[in-house]
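[1] okay, predicted coordinates and the sequence, questions at the end:
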Amino acid sequence: MYVVEKIEAGMDAYGGVCDDGFTDVSAGVMCSHFGWGSGRKGPSQILRNGSNFVSTSLRCDTSTRLCRDSPYPNSSNSSEYMCAPHELASVYCFNETMDYKVDLLRATVNNAKQFSISILMSYYKEGELFRLHNDRDRRAIAVKTCDNTLAGVRVSGTGGRYMIAGRFLAPRVCEEQCVDITVHDRSFYKHCFESEVN
């Protein structure tokens, strides 16, 4: 998640963008400007580090890819609606509707080339950490080495904490002692055991 802030050109003003009028469409256009495939509006956030609002009514057009906003009223006497400090706009940017982050917890390999890898896999749905995943994609985890998906790999565990166990290919087929952990055939983590194998 990213908060939406702005540097006001020529005025040396930096601050937050109020979420009034901010939509999923505008969030998507903003995310695309930074190289993401899509985006949506996130929950309102709190202004950071004593900053103020400098902009409101931010709207982006999908056809022109241009964004327009209005200067934030600078007086508490303004007849315009004032935003509370907890109304800072935010966005979730993402490339895939479901995405994952894999963190290595522990990895070992023995002389018989059997490996064991403990991971923590976080699920993200439209850019937001998805806690109600119910291990839905545990069965989609696979391990590749030398561009071959290893057969007989076992994945166990719950709550995103998984143990992956398997055996490397015979050295005549593949000498590499590295594994790619994939989910739905997309690589998320590579680990090499070279220094650990005797």
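    Here it is on my side, so go on.

[2] from now on I want contacts and neighbour counts done on CA atoms only, so please keep to that.
    Noted.

[3] so which elements touch the lowest-mean-pLDDT helix or strand in the chain?
    The weakest-scoring helix or strand in the chain, judged by mean pLDDT, DSSP states H and E, is strand 5-8 (a mean of 76). Strand 5-8 sits against strand 13-17, strand 53-60, with contacts defined as 3 or more Cα pairs under 8 Å, 6 or more residues apart in numbering; DSSP states H and E.

[4] contact partners of the helix or strand following the last one?
    Past strand 53-60, further along toward the C-terminus, the next helix or strand under DSSP states H and E is strand 67-71. Taking contacts as Cα atoms under 8 Å, 6 or more residues apart in numbering, the residues outside strand 67-71 that touch it are 26, 54-61.

[5] in TSV, list those along with neighbour count and distance to residue 89.
    As requested, these are exported to TSV (neighbours: other Cα atoms under 10 Å; distance: Cα to Cα, whole Å):
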residue	neighbour count	distance to residue 89
26	24	11
54	21	12
55	24	10
56	23	9
57	17	10
58	21	9
59	21	12
60	21	14
61	14	17
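
[6] using TSV, lay out those residues together with pLDDT.
    Output for the contacts of strand 67-71, formatted as TSV (pLDDT from 0 to 100):
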residue	pLDDT
26	94
54	87
55	87
56	89
57	90
58	91
59	93
60	93
61	91
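
[7] where do the helices of this protein begin and end?
    Secondary structure of the chain (DSSP state H): helices at 24-33.

[8] tell me, what residue is most central in it?
    residue 127 (5.3 Å; Cα atoms, centre = their mean).

[9] quick one: that residue and residue 1 touch, right?
    Yes - at 7.0 Å, residue 127 counts as touching residue 1 under the criterion of Cα atoms under 8 Å.

[10] list residues touching both of those two?
    Shared contacts of residue 127 and residue 1 (Cα under 8 Å, 6+ apart): 92-93.

[11] so where's this protein shaky on pLDDT?
    8-12, 74-81, 194-198 (pLDDT under 70).

[12] what is the most widely separated pair among the contacts of strand 67-71?
    54 and 61 (20.6 Å; Cα to Cα).

[13] partners of residue 114 in the sheet?
    On the basis of DSSP bridges, residue 114 is bridged to residue 167.

[14] roughly how far does it sit from residue 167?
    4 Å (Cα to Cα, to the nearest Å).

[15] which one of these two has more residues nearby?
    Taking other Cα atoms under 10 Å, residue 114 and residue 167 do not tie; residue 167 has more neighbours (16 against 13).
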